[in-house]
Each structure stands twice: as structure tokens, then as C-alpha cells.
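Trainee: Here is my input; please provide its structure:
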Amino acid sequence: MKVVSVKFKDNGRAYYFDPGDFKIKEGDFVVVTTARGTECGEVIRAAHEVPGFSREVKPVLRVADAVDVRRMRQNRADVQQAYTICEQRIAAHNLKMKLVDAEYTLDRSKLVFYFTADNRVDFRELVKDLASQFHTRIELRQIGVRDESKMLGGLGLCGQPFCCSRFLKNFQPVSIKMAKEQGLSLNPAKISGSCGRLMCCLAYEQKSYEYLNSITPQVGSIVRTPDGEGTVIEVNVVAGTLKVRSNVEILAPRIYKREECVYIRGGKRAPQPADKEDN
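Mentor: Below you'll find the predicted structure:
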């Protein structure tokens with residue numbers, strides 16, 4: 001099955017659609033049906049096959065003509081005013097919510113506002129107020145702070161555009177345990193993203209660190225080295241090295257490769273697969 005990649009915002013992610021019999025090339029605009037309604041988006045990749053992708057996708061309704069493109073651009077321009085009006089009405093109703101974004105469907109049958117809030121918000125009166133202002137169906141959607149960063153985009157601590165805005169389809173669970181296992185500073189400013197949550201990239205190498213920690217004696221372990229028994233005082237799991245202080249002779253600590261050391265006892269050592277089976 002061949003699909004085309006379509007995006008609806010400059011910093012938004014791409015979605016797959018079935019091109020059907022249409023001859024669609026990169027840079028064309030197409031009209032499709034999404035969960036929000038009928039929308040017009042730009043094709044950023046022409047028909048191609050995605051290995052291992054078997055999920056059913058929605059078809060392209062038509063290749064957008066000049067009228068569709070003009071309407072789409074007009075909607076994007078008008079939504080700025082709608083955003084400002086909605087902010088004013090939120091303040092007038094004294095609601096504790098932060099407006100993030102707004103968008104019209106192509107046929108302007110629906111106007112969607114996205115917002116964040118610490119708690120649930122009773123916005124029924126606000127919806128009635130906005131409906132009388134715009135004379136169309138109003139929908140308010142509460143999103144999380146991660147979704148806010150995904151929608152607005154920006155640069156992360158690494159200097160690259162947010163992963164969630166570029167390629168992440170779904171947010172993965174991230175925990176402080178991951179930062180500990182990877183030997184990172186637990187300073188919130190260094191391991192948190194612009195959204196205030198733990199950085200998504202902590203999950204990227206977690207399985208590798210779990211494996212390396214499971215085969216590496218940790219600090220405090222007693223190990224047998226080519227020079228005799230010693231105590232591990234420092235570990236670099238990525239480089240695969242251990243700094244060991246001899247228990248036999250008064251020598252300066254030496255650095256050994258992981259393969260040169262045999263774990264004997266003690267220390268904080270991650271359970272081995274065999275250990276898990278025994279338990």
C-alpha cells in the first residue's frame with residue numbers, strides 16, 4: 001500500500017493518507033478528512049511505501065484547487081483574530097486556563113480552541129459566548145503541557161527542534177529512575193524540557209543502559225582483576241571501564257576494561273538474567 005505524507009502546520013508532524021488514483025506530487029495541497037473535520041494540508045512526500053505499515057488510512061478526498069488553498073490561508077489568517085477574542089473572553093469569564101492554539105476546519109463548520117489548565121474547567125458559558133461571536137460550532141480541547149510544546153514547537157537544550165514537534169508520534173513514559181541509571185545530574189533544570197517535564201530523550205537509550213548496568217559491577221563491588229582483588233570506586237558503563245582500588249597492595253587505583261574484571265560480591269549490581277530466573 002502506498003501513502004502520501006501530509007502536514008497541516010509548519011511545525012506539525014506528518015500524517016499518512018491513501019492517495020488513491022490521484023497523481024500527487026510533493027508540494028501539492030490536498031483535501032482530507034481528519035478527526036477535526038475537513039482540512040487542507042501540504043504534501044511533504046509523494047506516494048511511497050512504508051515498510052511494516054499495515055494500518056488503514058483515510059483517503060485523499062481531492063487535490064486542492066486554488067479556491068481550497070485560498071480558503072485555507074484565509075482561515076489561518078482569521079484564526080489569529082479568533083485567538084485574541086477567545087483570550088479576552090477567557091479573562092472576562094475569569095477562567096483559570098491558558099489558551100494555546102486555535103484552528104478552523106476548511107469549511108469553517110467548526111472552530112477548535114486548545115488550552116492547558118491545572119484542573120478541570122467549566123467552560124460551558126465560554127462556549128456559548130464564543131458561539132455567539134463566531135456563529136459556528138465551537139470546540140474546546142484541554143491538552144497537556146507536552147502537547148502544548150508539540151503544537152508550538154521550539155528549540156530544546158540540545159539546540160535541536162523539539163523531538164515531539166519533529167518525529168515523535170506518541171509520548172513515552174519517562175521517569176527519574178532513567179536519569180539515575182544513566183548517571184545524569186538530577187538537577188531538574190538539566191533533565192527537564194521546555195515543557196517542564198522530564199526530557200523525552202531520556203527514554204531513547206534506556207534499554208542500552210539497562211543492559212550495560214546489568215553486566216557491569218557497580219561502585220562498591222569486589223572484583224577480581226589481572227592484578228588481584230579490588231574494590232570498584234568508579235564506573236563508566238558506556239566506555240565499559242572500571243576504576244578499581246587494590247585490596248591486596250597499597251597501589252594507586254587502576255582502570256580496567258569490563259571484560260578484564262570478574263564480579264565476586266558486594267556493591268550495587270543490577271540483577272543478571274539468571275538472577276531474575278532464580279528469583
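Trainee: And the strands in the stretch 151-279 of the chain?
Mentor: Taking DSSP state E, counting those that start in this stretch, the strands of the stretch 151-279 of the chain run over residues 222-225, 228-236, 241-246, 254-257, 262-265.
Trainee: Out of those, which gets nearest to Leu130?
Mentor: Taking C-beta to C-beta as the measure, those were each checked against Leu130, and strand 228-236 came out nearest at 57.2 Å. Using the backbone N, CA and C atoms, a C-beta is placed for each residue, glycine as well.
Trainee: what is the mean pLDDT for the closest one?
Mentor: For strand 228-236, the mean pLDDT works out to 90.
Trainee: can you list contacts of that strand?
Mentor: Surrounding strand 228-236, the residues in contact under the criterion C-beta atoms under 8 Å, 6 or more residues apart in numbering are 216-223, 241-249, 253, 261, 264, 267.
Trainee: repeat for stretch 139-157
Mentor: With contact meaning C-beta under 8 Å, 6+ apart, stretch 139-157 is reached by 9, 11-13, 97, 100-101, 110-117, 120-121, 123, 126-127, 161-165, 168, 171, 190, 193-197, 199-200.
Trainee: mean confidence score for it?
Mentor: What stretch 139-157 shows for mean pLDDT is 85.
Trainee: same check, this time on stretch 119-126
Mentor: Taken as a whole, stretch 119-126 has a mean pLDDT of 89.
Trainee: residues of that stretch that come out buried?
Mentor: Of the residues in stretch 119-126, those scored as buried under the neighbour-count criterion (16 or more other C-beta atoms under 10 Å) are 121, 123, 126.
Trainee: Kindly present those residues as a markdown table, with separate columns for distance to Gly228 and secondary structure.
Mentor: Compiled in a markdown table, those are given as follows (distance: C-beta to C-beta, whole Å; DSSP: H, G, I helix; E, B strand; the rest coil):
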| residue | distance to Gly228 | secondary structure |
| --- | --- | --- |
| Val121 | 67 | coil |
| Phe123 | 71 | coil |
| Leu126 | 74 | helix |
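Trainee: My understanding was that Ala64 contacts Val31; is that so?
Mentor: Yes - here Ala64 reaches Val31: they are 5.3 Å apart, a contact under C-beta atoms under 8 Å.
Trainee: where do the contact lists of those two overlap?
Mentor: Looking at what touches both Ala64 and Val31 (by C-beta under 8 Å, 6+ apart), the common residues are Cys40.
Trainee: who has more neighbours, the two?
Mentor: Between Ala64 and Val31, counted using other C-beta atoms under 10 Å, the more crowded position is Ala64 (22 against 19).
Trainee: For that one, list the residues it contacts.
Mentor: Contacts of Ala64 (C-beta under 8 Å, 6+ apart): 28-31, 40, 72.
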